[in-house]
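J.: only the shape, not the letters, is given here:
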């Protein structure tokens, strides 16, 4: 099956730098060479989505942007909050994949008790909805209020500490809850530090998008 | 990433016919061209696994067979009961993927209420463990006692009827619970008949094996 599929990908943060904007798409093309990814980012929201209000602000922009893609086989919303994923899934004739539900589903494969590690104290909605009482949530790493904090030695150490806490609390896997953690390559060192499988949101959304393309092809 | 990975795959049914034995592996190589699959089938069990006793009989054979693979990156147990998956996961230095947990995890991405469609009245253990109260189980299709029954027009119709029942009962996806359903290509026609996403066990185990290879590569 030398088939190639075309994916549209929406970044929910305004990124003027073309290379930075394309990064998630490039990672996905590496993971799944059968996917070609076209990326667009929403306008006027340089700080992205951090809480309910910024999510609400982003949703209509995402829906408008989604409609501007041409001839794609699958649409990826590269954000763990899955903003507009349900709405678009009902509106568009193609599968729509959100990073949050993709990550939660993959983590679930390692059994119950999925630890969540993100940059907010609340678990994004898809993690709550899909994992329910199987979710182990101990809040965000100390001192980490955004992805930039993850780049400091203290921020990184806070993530390692939180993962160890989650493991001690019975977590059998760690589901990352911010795609910015994929951007900075946190998954591998975190996995090595805590010894649990760590699910990377950009890898998860890419793999689920590829799965949806294969599923459609079977028909 | 033009990397290739090697997967070992165990059929839990004795298959003398080489082409039939290799079928799941060939499907997986089509879905995930980066995987090369070597297949072995357990001895002296031409009827495979149908209930607890036959599962218990198969487990030591699977464990012995697993140890005979050389230089594989991932091991796939191609059975929805995930026989020996937990034991081997603890014993081997490589990831071990079972069709059951892979299928249950992928189905979970479509939300709660996963309908199960197999050839037994009980849900195989990984479906029970991973999906718990989110599982919608209405028993096996009428008149279907094994995969051969799926090949008859009545057996096929029974599957379509059961899928419609599951949908009416609130299922948002259908998780197939027998890899024999992949063998006979039931997934696509079933999906077209019921209008719900249907998760194919061989596609699911292949994708999860590929995911595990990618995860290991990130490290």
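T.: Sure thing, it's come through. Small disclaimer: the values here were computed from a predicted structure and weren't measured.
J.: make it CA atoms for all contacts and neighbour counts henceforth
T.: Noted.
J.: surely residue A:188 and residue B:218 touch.
T.: Yes - using C-alpha atoms under 8 Å, residue A:188 makes contact with residue B:218 at a distance of 5.8 Å.
J.: looking at these two, which one has more neighbours?
T.: residue A:188 (18 against 12; other C-alpha atoms under 10 Å in any protein chain shown).
J.: so how far is residue A:158 from that one?
T.: 16 Å (C-alpha to C-alpha, to the nearest Å).
J.: likewise for residue A:191?
T.: The gap separating residue A:191 from residue A:158 is 14 Å, by C-alpha to C-alpha.
J.: next one: residue A:11
T.: 26 Å.
J.: comparing those two, which shows the higher neighbour count?
T.: Between residue A:11 and residue A:158, counted using other C-alpha under 10 Å, residue A:11 has the larger neighbour count: 23 against 19.
J.: hey, which helix is longest across chain A?
T.: If each helix of chain A is counted by residues according to DSSP state H, the longest one is helix A:201-218.
J.: quick check: residues of chain A near chain B?
T.: A:1, A:30-31, A:33, A:101-102, A:104-109, A:111-112, A:129-130, A:187-189, A:191-192, A:207, A:211, A:214, A:218-219 (C-alpha under 8 Å from any C-alpha of the partner chain).
J.: 7 Å - rerun?
T.: Chain A comes close to chain B at residues A:1, A:30-31, A:101-102, A:105-106, A:108-109, A:111-112, A:130, A:188, A:214, A:218-219, as judged by C-alpha under 7 Å from any C-alpha of the partner chain.
J.: got a ChimeraX select line for the buried ones in the residues you listed?
T.: To isolate the buried members of these in ChimeraX, using 16 or more other C-alpha atoms under 10 Å in any protein chain shown:
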select /A:30,31,101,102,105,106,108,109,111,112,130,188,214
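J.: now do the strands in chain A.
T.: A:5-11, A:35-41, A:74-77, A:96-98, A:114-117, A:135-137, A:173-176, A:198-199 (DSSP state E).
J.: and the last one, what does it pack against?
T.: What it means is strand A:198-199. Under the contact criterion of 3 or more C-alpha pairs under 7 Å, 6 or more residues apart in numbering or on different chains; DSSP states H and E, strand A:198-199 touches strand A:173-176.
J.: in the strand it packs on, what's buried?
T.: A:173-176.
J.: ok, residue A:200 - contacts?
T.: Shown in contact with residue A:200 (C-alpha atoms under 7 Å, 6 or more residues apart in numbering or on different chains): A:103, A:176, A:182, A:187.
J.: let me have those in JSON lines, extended by pLDDT.
T.: Listed next are the contacts of residue A:200 as JSON lines, based on pLDDT from 0 to 100:
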{"residue": "A:103", "pLDDT": "97"}
{"residue": "A:176", "pLDDT": "97"}
{"residue": "A:182", "pLDDT": "94"}
{"residue": "A:187", "pLDDT": "95"}
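J.: just those residues now: which is nearest chain B?
T.: Comparing those against chain B with C-alpha to the nearest C-alpha places residue A:187 closest, at 7.9 Å.
J.: neighbours of that closest one, just the number please.
T.: Residue A:187 has 23 nearby residues by other C-alpha under 10 Å.
J.: surely it touches residue A:201?
T.: No - the criterion here is C-alpha atoms under 7 Å, and residue A:187 misses it with residue A:201 at 9.2 Å.
J.: okay, how far is it across stretch A:196-203, tip to tip?
T.: 17 Å.
J.: which residues touch the residue sitting nearest the centre point of chain A?
T.: The residue lying closest to the centre of chain A (C-alpha atoms, centre = their mean) is residue A:99, at 3.1 Å. Residue A:99 makes contact with A:77-80, A:82, A:201-202, A:204-205, according to C-alpha under 7 Å, 6+ apart.
J.: go again using 10 Å as the cut-off
T.: By C-alpha atoms under 10 Å, 6 or more residues apart in numbering or on different chains, the residues touching residue A:99 are A:76-83, A:85, A:105, A:126, A:176-179, A:200-206, A:208-209.
J.: and residue A:41, by the same measure?
T.: A:9-16, A:21-22, A:48, A:61-62, A:65, A:78.
J.: apply 6 Å and report the result again.
T.: Listed by C-alpha atoms under 6 Å, 6 or more residues apart in numbering or on different chains, the contact set of residue A:41 reads A:10-12, A:14.
J.: and of the residues you listed, the nearest to chain B?
T.: residue A:10 (19.3 Å).
J.: so what's the residue count around residue A:37?
T.: Neighbour tally, residue A:37, other C-alpha under 10 Å: 23.
J.: kindly state the pLDDT recorded for the residue nearest to it when sequence neighbours are not counted?
T.: Excluding the flanking residues, the one nearest residue A:37 by C-alpha to C-alpha, 6 or more residues apart in numbering or on different chains is residue A:7, at 4.7 Å. Looking at residue A:7, its pLDDT stands at 98.
J.: quick one: low-confidence ranges for chain A?
T.: When residues are selected by pLDDT under 70, those of chain A lie in A:1-2, A:219.
J.: can you list the domains in it?
T.: The record's domain parsing of chain A by automatic domain parsing lists A:5-99+A:203-217, A:102-201.
J.: so can I have a markdown table of those showing distance to residue B:167?
T.: Output for these, formatted as a markdown table (distance: least, C-alpha to C-alpha, whole Å):
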| stretch | distance to residue B:167 |
| --- | --- |
| domain A:5-99+A:203-217 | 17 |
| domain A:102-201 | 19 |
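J.: which one of those lies closest to residue B:134?
T.: Between residue B:134 and the domains of chain A, the shortest gap by C-alpha to C-alpha is with domain A:102-201, which sits at 9.6 Å.
J.: nearest to residue B:44, out of the domains of chain A?
T.: domain A:102-201 (30.7 Å).
J.: pick out the most distant pair among the residues of chain A next to chain B.
T.: Most distant of these, by C-alpha to C-alpha, are A:188 and A:219, 36.0 Å apart.
J.: re earlier: which of the contacts of residue A:41 count as buried?
T.: By neighbour count, with 16+ other C-alpha under 10 Å, these hold A:10-12, A:14 as buried.
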